[in-house]
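> Give me coordinates for this.
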Amino acid sequence: MPDDLPEKIRAFIAIELPESILQTIQEAQETLKGYGFGIRWVRRQGMHLTLKFLGNIRRGDLEQLRGAIEQASLEFLPFSLKGKGIGVFPDIRRPRVVWVGVLGDVEALCAFQRRLESQLKVLGFPKERRPFKGHLTLGRVKDRVDRTKLGEALEELKGFQTEPFTAGSVVLFESDLRPSGAIYSKLAEAPFRSA
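A predicted model of the protein is given here:
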């Protein structure tokens, strides 16, 4: 690569999930897999509560990004969340994404996400046009799905929920896309402030 071209990396900001929560979500995912839908399932190591997708960024911008994330996180105390309910975006007639909903202190989560957006806007990252909806992506629909069967699957899992967990920090991840699936690496982690 020529020296004058900036090195780009694909990055996003997210809250990591504890192993016990990932295990519970993976069990629900296995139930859905049993229905044989044409869905590209997210692997366990790819399950995060994404707050902001940054796209391709210059490696040289990492320090500024770290600073913005740290500044935003220091304004918030850790908050409690839990996974609850399984659904699809945009709707069951045209499913594109299968998700787990997020409950708990959603007000703090949304306030933090808005603060993060403001900090990043200063660095030139545009605000999302769509309103933020905290969710965990389980899979992306790649083929037509039998809506009746999908309805049955969602009904079977309608009582799904995880234990509560504490969101204690926020992570800047690199996403390295490979034919075998994305590889995620932590670039930075910023804890929320202690009481």
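> where along this protein do the helices fall?
19-33, 62-73, 106-122, 147-156 (DSSP state H).
> Identify the residues contacting residue 84.
100-103, 160-162 (C-beta atoms under 8 Å, 6 or more residues apart in numbering). Every residue, glycine included, has its C-beta placed from N, CA and C.
> is it in a bridge, and if so with what?
With DSSP bridges as the criterion, residue 84 is bridged to residue 161.
> any idea how far it is from residue 167?
Relative to residue 167, residue 84 is positioned 15 Å away (C-beta to C-beta, to the nearest Å).
> With residue 83 instead?
12 Å.
> When these two are compared, which one has more neighbours?
residue 83 (28 against 22; other C-beta atoms under 10 Å).
> just to revisit the earlier point, tabulate the helices of the chain (TSV), appending distance to residue 44 and mean pLDDT.
Converted to TSV, those look like this (distance: least, C-beta to C-beta, whole Å; pLDDT from 0 to 100):
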stretch	distance to residue 44	mean pLDDT
helix 19-33	5	96
helix 62-73	24	94
helix 106-122	22	95
helix 147-156	20	94
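> I'd like to know which of those is closest to residue 173.
Relative to residue 173, the nearest member of those by C-beta to C-beta is helix 62-73, separated by 11.3 Å.
> Any chance you could list what contacts the closest one?
By C-beta under 8 Å, 6+ apart, helix 62-73 touches 11, 13, 54, 57, 112, 115-116, 118-120, 122-123, 169-170, 172, 187-188, 190-193.
> Noted, bye for now.
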